[in-house]
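Peer 1: What follows is a predicted protein model with its sequence.
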Amino acid sequence: VFVGELFVLLIRVAMPIHVICSVLQAANLSKVMIGIQRLGLFQILLPAILLHGTFDFVLFLLSTLQFIENDADSSYDIISIVLSIVITIGGIIWAYLSFSNVQKIYDSGYSASRSDDFVGNENL
């Protein structure tokens, strides 16, 4: 049991899922701040919640199945590694595309020099 828990912990530490989730949140928040989209807090956080939740669910599910079956071989460990890498790579691609969309807007000459460019900041 203890070895399985350590394995899940090591995978969670090794994969940069928190950084990827931060990029997803920042990209969505940037879209709101520059006025491209009107999103609520839940909509800003939802992509990161889905990615992180899927990542954790897969790891914990496979660890639980390994414990229930009292499986001593490494088949569940290998599946855990492969799935966590696939989910992480998918998250990296998703975050890159989200960030690239916001970066294109900034590169096209967006500037927040007028007060009406700031969403929700009418006092500027």
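Peer 2: Received the coordinates, thanks. If you're wondering where the values come from, they're calculated on a predicted model, not measured in any experiment. Numbering: from 1, shown residues only.

Peer 1: Okay, and the residue nearest to the spatial centre of the chain sits in which element?
Peer 2: By Cα atoms, centre = their mean, the chain has its centre lying nearest to Cys21, at 2.8 Å. Assigned by DSSP states H and E, Cys21 belongs to helix 17-33.

Peer 1: Show the average pLDDT along the next helix-or-strand element following that helix.
Peer 2: Later in the chain than helix 17-33, the nearest helix or strand by DSSP H and E is helix 41-68. In this model, helix 41-68 carries a mean pLDDT of 91.

Peer 1: Buried ones in helix 41-68, by neighbour count?
Peer 2: Residues 44-45, 47-48, 51-52, 55, 58-59, 62-63, 66 are the ones in helix 41-68 that count as buried (16 or more other Cβ atoms under 10 Å). In short, each C-beta sits where N, CA and C put it, glycine included.

Peer 1: Kindly report the same for stretch 99-112.
Peer 2: Buried, per 16+ other Cβ under 10 Å, within stretch 99-112: Val102.

Peer 1: just the CA coordinates of it, formatted as CSV?
Peer 2: Only the C-alpha atoms of stretch 99-112 are listed here, as CSV (Å, rounded to 0.1, in the frame of the first residue of the first chain):
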residue,chain,number,x,y,z
PHE,A,99,-1.7,31.4,-24.5
SER,A,100,-0.9,31.8,-28.2
ASN,A,101,-4.4,33.2,-28.9
VAL,A,102,-3.9,35.9,-26.2
GLN,A,103,-0.3,36.5,-27.4
LYS,A,104,-1.5,37.1,-31.0
ILE,A,105,-3.9,39.8,-29.7
TYR,A,106,-1.1,41.6,-27.9
ASP,A,107,1.3,41.2,-30.9
SER,A,108,-1.4,42.7,-33.2
GLY,A,109,-1.0,46.0,-31.4
TYR,A,110,-3.5,45.8,-28.5
SER,A,111,-2.8,48.5,-26.0
ALA,A,112,-4.9,49.4,-22.9
